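K.L.:
Just to be clear, the model below is a prediction. Sequence and coordinates:
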Amino acid sequence: MRLRPIAAVSTVAVSMLLLAGCATATEPDAEETPTTAVDLCSAIAEPGDASDAVSVEGEPGTPATASFEAPLEFTEPQVSIIAEGEGDPIEAGDFVSFAFTVFDATSGEELATVGYEDGEVLPAQVSADSGLGQMVGCAAPGQRVVAAIPATDSYGPEVYVLDVLGTIDMTATGEAQDVPEGMPEVSIAEDGTPSVTVGETATPAETEVAPLKKGDGVTVGEGDLVLIQYHGVRLSDGEVFDSTWASGAPISYQTTGFVEGFQKALVGQTVGSQVLTVIPPAEGYGEGEINEEDLKGETLVFVIDILGAQHVDQAAAE
């Protein structure tokens, strides 16, 4: 069974997947441009006969059951709010945790329930022109909606009962850890931006990893999708070569999309952790003469904040 990503309800993609399957593999120096919009509250689709016809049982924040007279007929997205949230409304650019149960609008069959267990779905950035934004608008945590999503060339018409669980922090929130001697010195600005002093750090034979904070979330597995912030400097001169803090938003990719040393820094860590890693050239971008054009020959130092993880069934993905 294959479900559409939330991105498929809009012409503008949200950079996440709802179910295990695939992810674009890129190196951690890819530039990311955050998707934002001014009027998030007006982004939510209007209710209609289809979304209003769905009867839902179950408390928000738990898996729902829904009943309706199938098939439902609709050609435009429709969203009915069936439970209001509480607290601060989400804003454009926020990363939102959510969960949903999805049904086939033609047959009424339940297709999947996703997001109510840790590690099932990544938080997604919300904007007025994203599919998630059109489903929840500027909801407060706890809001539950029924969304009727029309068919596309790739997917049939579907009905979502979707819960907004909350927003996530853009920095690691775990407990501070002692750092081994010989590692670079890290300081954190008030907004969470790291800075690194390499000092007398030597190039290790293999990647060295030291948790700066230990989170209590799910453990990242090989091939999982992760949502991360990172800050990378060259050991040779301490200069920053890439940073999501500078580009303005975290990124989400599979662990296998990164160089070997970066993978070692992620796999086995827990969500909420901040990790310091020193990666030798052989486990980075390769041996060679150091130059200013690329990272070949460089020993790399990263500070990585692990904000979310989504487990991927490797057998199903292959």
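P.N.:
Structure received. Residues are numbered from 1 along each chain as shown.

K.L.:
Neighbouring strands - and their directions - for the helix or strand harbouring T113?
P.N.:
Using DSSP states H and E, T113 maps to strand 110-114. Strand 110-114 has the following strand partners under DSSP bridges: strand 95-104 (antiparallel).

K.L.:
and the partner strand, how far from the chain's centre?
P.N.:
Computed by Cα atoms, centre = their mean, to the nearest Å, the separation of strand 95-104 from the middle of its chain amounts to 14 Å.

K.L.:
how about that strand as PDB, C-alpha atoms only?
P.N.:
Below are the C-alpha coordinates for strand 95-104, written out as PDB (Å, rounded to 0.1, in the frame of the first residue of the first chain):
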ATOM      1  CA  PHE A  95       7.800  22.600  12.500                       C
ATOM      2  CA  VAL A  96       4.700  20.700  13.500                       C
ATOM      3  CA  SER A  97       4.200  17.200  15.000                       C
ATOM      4  CA  PHE A  98       1.000  15.600  13.700                       C
ATOM      5  CA  ALA A  99      -0.700  12.300  13.400                       C
ATOM      6  CA  PHE A 100      -3.600  11.000  11.300                       C
ATOM      7  CA  THR A 101      -5.800   8.100  10.200                       C
ATOM      8  CA  VAL A 102      -6.500   8.000   6.400                       C
ATOM      9  CA  PHE A 103      -9.400   6.400   4.600                       C
ATOM     10  CA  ASP A 104     -10.200   5.600   1.000                       C
END
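
K.L.:
Show me what secondary structure element comes after the strand holding T113.
P.N.:
On the C-terminal side of strand 110-114, the closest following helix or strand by DSSP H and E is strand 124-125.

K.L.:
Please work out the average pLDDT along that next one.
P.N.:
Averaged over strand 124-125, pLDDT sits at 94.

K.L.:
So what's the gap between that strand and the chain middle?
P.N.:
Counting by Cα atoms, centre = their mean, strand 124-125 is centred 6 Å from the centre of its parent chain.

K.L.:
now D118: how far from V102?
P.N.:
Note on D118: its distance to V102, by Cβ to Cβ, to the nearest Å, is 19 Å. Yep, even glycine has a C-beta here, placed from its N, CA and C like the rest.

K.L.:
More neighbours: the two, which one.
P.N.:
Using other Cβ atoms under 10 Å as the criterion, D118 and V102 rank with V102 on top: 22 against 15.

K.L.:
is the more buried one in a bridge, and if so with what?
P.N.:
A112, Y160.

K.L.:
The stretch 201-318 of the chain: helices as residue ranges?
P.N.:
Read by DSSP state H, counting those that start in this stretch, the stretch 201-318 of the chain holds these helices, from start to end of the chain: 244-247, 260-266, 314-317.

K.L.:
helices and strands around the longest one, which ones?
P.N.:
Contact partners of helix 260-266 among helices and strands, from 3 or more Cβ pairs under 8 Å, 6 or more residues apart in numbering; DSSP states H and E: strand 274-279, strand 300-310.
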